[in-house]
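Colleague: could you work out the structure for the sequence below:
(chains A, B, C and D)
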There are 2 protein chains.
Amino acid sequence: MTDAPGAEVWIDAETKVEEAPHDHRAELRLWLRLLTCTNLIEAEVRRRLREEYDFTLPRFDLLAQLDKAEDGLVLGEVSRRLMVSAGNVTALVERLLESGHITRAPSPTDRRVQIIRMTPEGRAAFARMAEDHGDWIGALFEGLDEAEMDTLMSALGKLKASVRSHMREGGNGA
Amino acid sequence: MTDAPGAEVWIDAETKVEEAPHDHRAELRLWLRLLTCTNLIEAEVRRRLREEYDFTLPRFDLLAQLDKAEDGLVLGEVSRRLMVSAGNVTALVERLLESGHITRAPSPTDRRVQIIRMTPEGRAAFARMAEDHGDWIGALFEGLDEAEMDTLMSALGKLKASVRSHMREGGNGA
DNA sequence: CCGCGATGCTTCATAGTTGAAATATCTCGC
DNA sequence: GCGAGATATTTCAACTATGAAGCATCGCGG
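Modeller: Okay, here's the model as predicted:
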């Protein structure tokens, strides 16, 4: 409705649509709302991480990936999973090395490759933060019941597939 | 350490679950998916803006706000709408001034305040980009039909409300 | 008027982020 | 083995982003 940028010409019932040059209004509003939700949650998590643990979100995200992979991760894999550039990971890793959360070692089989692992201290620090993090997310999503979460989950699944199929490059399998 | 994974009380094969004090697993997965969708779309838009217009997303976002506000915007308002820090806006504005997309003028009524406006060239450049931008978003969302978009829209609306109500500070009304 | 807290913006140090170029290593066809 | 292209990582310049500190200005109570 209400998208009357001039002439909606339709001759008969058959020809009806396909004449309005869609301005993608609905998609844009949806995208904006999606972005707002993500930004709000991300900002809140970032702030709490900083205030309560003096930690940053990118560091936390990297540790989270490392936590899921028992045997350490190759830098390229980290880059793919976090969906950030390789150069970014290098800098991030350097800082986590300094703070003692992780270690870095060259792969024995491929000398190009660097493998990072969490130290016991890193693991402990992450465990503490992760528990709170879960609670924060749980609280932020409190207004949704189980059915709504399922709905969102599957709708976003569809969206994800749609986006992937319309991107230039196929991308990873996260 | 409320939920030691070891303490899963289950009497027999049937009863096994439903005992765990929520670890917010579902919420976390949903959050992750939300984040992935947003990141994918954002990355795609950013790449196309760069490749096709040699422009960046933050600049585009700022112009978009300025485009919606006919009479220019105060910097603080821009900061609130984009949900970024004030210092960030200062830098962004400086670059958009240099490139001639906007102008800046002090408010006549309040000498602390700076008002920015789009130049005609800025408006023209934005119009060109915005049209493509709409098409990109439209294409990325193509896999969703109207009903699914409505569903997403309202579910995200609920999520947004939930998040807002669980943040420390109320925040703005974007 | 005078102060004083609130507000709007800038400055600063630090960090995250990107894309492209450079480097090193690997793999595979030959 | 050799060399060409692919892959993994680092380096680099530019920019985006943050939070805190600093200024200037405003508004208001006295």
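
Colleague: OK, contacts around the closest residue to A:Thr103 other than its chain neighbours?
Modeller: Distance criterion CB to CB, 6 or more residues apart in numbering or on different chains; nearest residue to A:Thr103, sequence neighbours excluded, is A:Arg117 at 5.3 Å. In short, each C-beta sits where N, CA and C put it, glycine included. With contact taken as CB atoms under 8 Å, 6 or more residues apart in numbering or on different chains, A:Arg117 is in contact with A:Leu66, A:Asp71, A:Gly72, A:Leu73, A:Ile102, A:Thr103, A:Ala105.

Colleague: what does A:Glu42 give?
Modeller: A:Leu57, B:Leu35 are the contacts of A:Glu42 under CB under 8 Å, 6+ apart.

Colleague: before we move on, back to that, wait, a strand at the residue nearest to A:Thr103?
Modeller: Yes: A:Arg117 forms part of a strand when assessed by DSSP: H, G, I helix; E, B strand; the rest coil.

Colleague: how much space between it and A:Asp67?
Modeller: 11 Å (CB to CB, to the nearest Å).

Colleague: cool, and A:Leu144?
Modeller: Per CB to CB, A:Leu144 is found 26 Å from A:Asp67.

Colleague: before we go further, A:Glu77 is sitting in a helix, right?
Modeller: Yes: A:Glu77 sits within a helix when classified using three-state DSSP.

Colleague: got a quick ChimeraX command for the buried subset of the contacts of A:Arg117?
Modeller: Buried members of the contacts of A:Arg117, identified by 16 or more other CB atoms under 10 Å in any protein chain shown, are gathered into one ChimeraX selection as follows:
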select /A:66,72,73,102
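
Colleague: just to be sure, A:Ala130 is in a helix?
Modeller: Yes: with three-state DSSP as the criterion, A:Ala130 is assigned to a helix.

Colleague: correct me, but it touches A:Lys68?
Modeller: No: A:Ala130 lies out of contact with A:Lys68 (CB atoms under 8 Å); the separation is 10.7 Å.

Colleague: more neighbours, the two?
Modeller: For A:Ala130 and A:Lys68, the more surrounded residue by other CB atoms under 10 Å in any protein chain shown is A:Ala130, and the numbers stand at 16 against 9.

Colleague: got the contact list for A:Gly72?
Modeller: A:Leu66, A:Ile115, A:Ile116, A:Arg117.

Colleague: ok, now how distant is the nearest residue to it once chain neighbours are set aside from chain B?
Modeller: Across the structure, with CB to CB, 6+ apart as the measure, the residue nearest A:Gly72 apart from its sequence neighbours is A:Arg117 (3.9 Å). Computed as CB to the nearest CB, to the nearest Å, the A:Arg117 to chain B distance reads 22 Å.

Colleague: what's the answer for A:Arg47, then?
Modeller: Counting by CB to the nearest CB, the gap between A:Arg47 and chain B amounts to 8 Å.
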